[in-house]
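Undergrad: Here is a sequence together with a model predicted from it:
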Amino acid sequence: MRPTVELAQSTLFTQRCEALSISDRIKLSYERARAIGRAYALTVKDVLFLSPKFWEMHTDPIACIDGAAETLVTIQYNLCAGTLATYLQVQPSLAPVLQRVLNFEVSGQFCLTELGHGLDVIHMETTATLLPDGDFDLHTPLERAAKYMPPTSPVAAGLACVAVVFARTVVNGEDHGVKPFVLQLHDGQSMTPGVTTKDLPPRGGSRPLNHSLTYFNHVRLPSTALLGSIKKPRDPRASFFEKIQRVAVGTLALSALCIPSLQVASYVAARYSLRRTIVDASGTSKPIISFQTQKQPILTAVAQSFVFKAMYKQAIAWFTNPTLDPRVRHAVATVHKAAVVQASQIANLALGDRCGAQGLFEANQLSAVHSDIRGVAIAEGDLLGISIRLASELLLGRYALEPPRYPDSLLAQHERGLFSELRAILAAAPSHRSSTYDRDVLPRSLPLIQAIGHRIAYDAARAAQVDPPLLDLFEAASVLLDEAWYVENLGVSRAELREREARAIEAAFPHLEEYLSRMDVAPYVVAPIVSDEKWGQFLGTLHQKEEEIASVSAISDLGRPSVAAFLNKDDHSLNERATTLQIAPRGDIAVNV
């Protein structure tokens, strides 16, 4: 049983927060994040050696109740605590602050990217200059060097903020490369002297958080604030990527949140579709789940959740294998992210639409989860950017991923075909930095990485013996994402591809209740549209407005001249419409609807 089952049903998580002020919602998210962290109670070993509990935390469906809280959790334990733990053995003085982060006694943050430097953050401009006495001068020299996004401003008295801050280290006027430092940004109320934050406006659609711009004005840091050695690295680029290795961990861990998003979204849409009925031409009432237009997106998302869960386990095994090339391990994280984010974004949008107007409201989880996943697509490496880098390295043959386990599968053939096409373009181009490559390969980099992800997911799920109807449906849905390729290269028709999907849906639909139960996400569903009971409870939380209505005679007195003028118009259509109004002896109006 997940350690958050009871927590998800507590008042802390079941209370409606949509009507709260932004500041109160942010405070609530911090309280929830702290509760999630303490429920998992991760240790130094958990975050340093990436224990099963660490990975499990990133697929906990409680994230679908409050995405802002989960954002705080993953920054706290992966980026901040994970980085501090890396240096603990050589710097034991870090133990007290690391323990406070693990206990969530302070907010742990990670200040890497800058306003003017995202994917090119290796060129950051924040500086940490070594002073004659051994201390450092941390400084933001330009507006574009402000640290961007991390929620660093005070939100709740008593919860101080400790951050790992990356800066370009300058020693005797010489660049010693980007290095991490640890410092307290504020004590919960007052900023540390020299540290300034500016609150960014809320992200559109997602749960609000105090995302900030963070500046340093000649902040003096003790020598112990530096994490690691002051020496100039032989290979600055390799040193940089080694120091931000927790970002690679986050690429896999954070993207795993897409799995519970698929589970919760499909559960909400399924329960709503089973509950919502229409009257057909014969006068019979039937649930809308009986229509293929509801079955298809719901069952596809269910199938993807099972398949990607198997892929996640395989990805973890590869990522934590110390014998693998570090580049391959990072590639695994990128491929996983490309595939699951794509599926989650498509599913959440489609399922929200299939719930009609109900799908638009944050209370029903679908729209908010969709917005949260948009953040996942960018966090820990923008999805397109990291896919372009990986695709180029694979096409250039610098390293390779594990070959297909089932090379004759449709998805393996698709992957192989895309590789052949793009390698042919690369061979004809002047170089991988040419305009030809930019025009013809870069736009297809993400689809290539997603195709690899679909194949790996299929292989993992088939090896794990995921139910055949779910595996078949996953395969059919993946094929239809690029059906033109299959038509052009395998000689199948569009009708045949659609028929494969239809048969898979027919085979899976009788087991829908079983699949919903096996996903085990009911305790994490707060959407009121899933049942009459939840809807009734939700109605009780809505603010009801009651106004005294003026007397009918007063209203009729105000309205009588307008009605008379209306009835005297020559326009025949107006006269026809006016016949539905009857003026009583008192001059009141009766409307026949």
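TA: Structure's in. What do you need?
Undergrad: Mind jotting down where the strands sit in this protein?
TA: For the chain, the strands defined by DSSP state E cover 107-111, 127-130, 136-139, 147-149, 161-171, 174-186, 195-199, 212-216, 219-221, 277-279, 285-287, 581-583, 589-591.
Undergrad: so which of those strands gets nearest Gln342?
TA: strand 147-149 (22.9 Å; C-beta to C-beta). For glycine as for every other residue, the C-beta is placed from the backbone atoms N, C-alpha and C.
Undergrad: these two touch, right, Ala350 and Pro297?
TA: Yes: counting by C-beta atoms under 8 Å, Ala350 sits close enough to Pro297 to count as a contact (4.3 Å).
Undergrad: Of those two, which one has the most company?
TA: The residue with more neighbours, out of Ala350 and Pro297, is Pro297; 23 against 19, by other C-beta atoms under 10 Å.
Undergrad: That one against Arg354, yeah?
TA: Yes: judged on C-beta under 8 Å, Pro297 makes contact with Arg354 at a distance of 5.7 Å.
Undergrad: For the residue most central in space within the chain, which non-adjacent residue is closest in space?
TA: Computing the C-alpha centroid of the chain and ranking residues by C-alpha atoms, centre = their mean puts Ile373 first, at 2.4 Å. Nearest non-adjacent residue to Ile373, counting by C-beta to C-beta, 6 or more residues apart in numbering: Ser344, 4.9 Å away.
Undergrad: ditto for Glu56
TA: Counting by C-beta to C-beta, 6+ apart, Arg2 is the residue found nearest to Glu56 once chain neighbours are left out, at 7.5 Å.
Undergrad: before we move on, what about Ala269?
TA: Skipping the residues right next to it in sequence, Ala269 comes nearest to Leu351 by C-beta to C-beta, 6+ apart, at 4.1 Å.
Undergrad: Could you count how many residues lie near that neighbour?
TA: Taking other C-beta under 10 Å as the neighbour definition, Leu351 ends up with a count of 28.
Undergrad: And it, what's its pLDDT?
TA: With respect to pLDDT, Leu351 scores 97.
Undergrad: is it true that Ser409 touches Arg455?
TA: Yes: Ser409 sits in contact with Arg455 when judged by C-beta under 8 Å, with a separation of 7.2 Å.
Undergrad: OK, contacts around the closest residue to Ala508 other than its chain neighbours?
TA: When the adjacent residues along the chain are set aside, Ala508 lies closest to Pro469, with 3.9 Å between them (C-beta to C-beta, 6+ apart). By C-beta atoms under 8 Å, 6 or more residues apart in numbering, the residues touching Pro469 are 303, 504, 507-508, 511.
Undergrad: any idea how far the residue nearest to Gln537 when sequence neighbours are not counted is from Val268?
TA: The shortest distance from Gln537 to any non-neighbouring residue, by C-beta to C-beta, 6+ apart, is to Pro528 (7.0 Å). Pro528 sits 10 Å away from Val268, taking C-beta to C-beta, to the nearest Å as the criterion.
Undergrad: got it, and Asp382?
TA: Going from Asp382 to Val268 by C-beta to C-beta gives 29 Å.
Undergrad: quick one: which of those two has more around it?
TA: Taking other C-beta under 10 Å, Asp382 and Val268 do not tie; Val268 has more neighbours (28 against 13).
Undergrad: Please verify my assumption that that one contacts Ser367.
TA: No: contact status for Val268 versus Ser367: not in contact, 11.0 Å apart, counting by C-beta under 8 Å.
Undergrad: re the thing from before, tell me the pLDDT of the residue nearest to Ala508.
TA: At Pro469, the predicted lDDT confidence score is 97.
Undergrad: do Ala281 as well
TA: Per-residue confidence at Ala281 stands at 87 (pLDDT).
Undergrad: From Ser107, how far off is it?
TA: Computed as C-beta to C-beta, the Ala281 to Ser107 distance reads 59 Å.
Undergrad: So between the two, which is more surrounded?
TA: Applying other C-beta under 10 Å to Ala281 and Ser107 shows that Ser107 carries more neighbours, namely 28 against 5.
Undergrad: which residues does that one contact?
TA: Going by C-beta under 8 Å, 6+ apart, Ser107 touches 30, 72, 76, 151, 159-162.
Undergrad: from the residues you listed, which is closest to Thr140?
TA: The shortest gap between Thr140 and any of those belongs to Cys161, at 16.9 Å (C-beta to C-beta).
Undergrad: follow-up on the earlier one: how many neighbouring residues does the residue nearest to Ile373 have?
TA: Each residue near Ser344 was counted by other C-beta under 10 Å, and the total is 29.
Undergrad: And the pLDDT for the nearest residue to Gly204 once chain neighbours are set aside?
TA: Among residues not flanking Gly204 along the chain, Ser371 sits closest, at 6.8 Å (C-beta to C-beta, 6+ apart). According to the prediction, Ser371 has pLDDT 93.
Undergrad: now do Pro561
TA: Predicted confidence (pLDDT) for Pro561: 50.
Undergrad: before we move on, what about His572?
TA: Reading off the confidence values, His572 has pLDDT 46.
Undergrad: Can you spell out the domain ranges of this structure, please?
TA: Here the domain assignment for the chain is 1-105, 109-243, 254-536, 552-591, based on automatic domain parsing.
Undergrad: Count the neighbours of the residue lying closest to Asp46 once chain neighbours are set aside for me.
TA: The shortest distance from Asp46 to any residue other than its chain neighbours is 5.0 Å, reached at Phe54 (C-beta to C-beta, 6+ apart). A count of nearby residues for Phe54, using other C-beta under 10 Å, gives 22.
Undergrad: for Phe54, what are its contacts?
TA: So Phe54 contacts 42, 46-47, 77-78, 253 (C-beta under 8 Å, 6+ apart).
Undergrad: same question, Thr224
TA: Counting by C-beta under 8 Å, 6+ apart, Thr224 makes contact with 91, 93.
Undergrad: start the count at 39, not 1, going forward
TA: Got it, first residue is 39 now, which makes that one Thr262.
Undergrad: Tell me the pLDDT of it.
TA: pLDDT, Thr262: 97.
Undergrad: Repeat that for Gly196.
TA: Predicted confidence (pLDDT) at Gly196: the value is 76.
Undergrad: go on, Gly243?
TA: For Gly243, the predicted pLDDT is 87.
Undergrad: Next: His581.
TA: On the pLDDT scale, His581 is placed at 85.
Undergrad: ok, now how distant is it from Glu571?
TA: Counting by C-beta to C-beta - His581 and Glu571 are separated by 21 Å.
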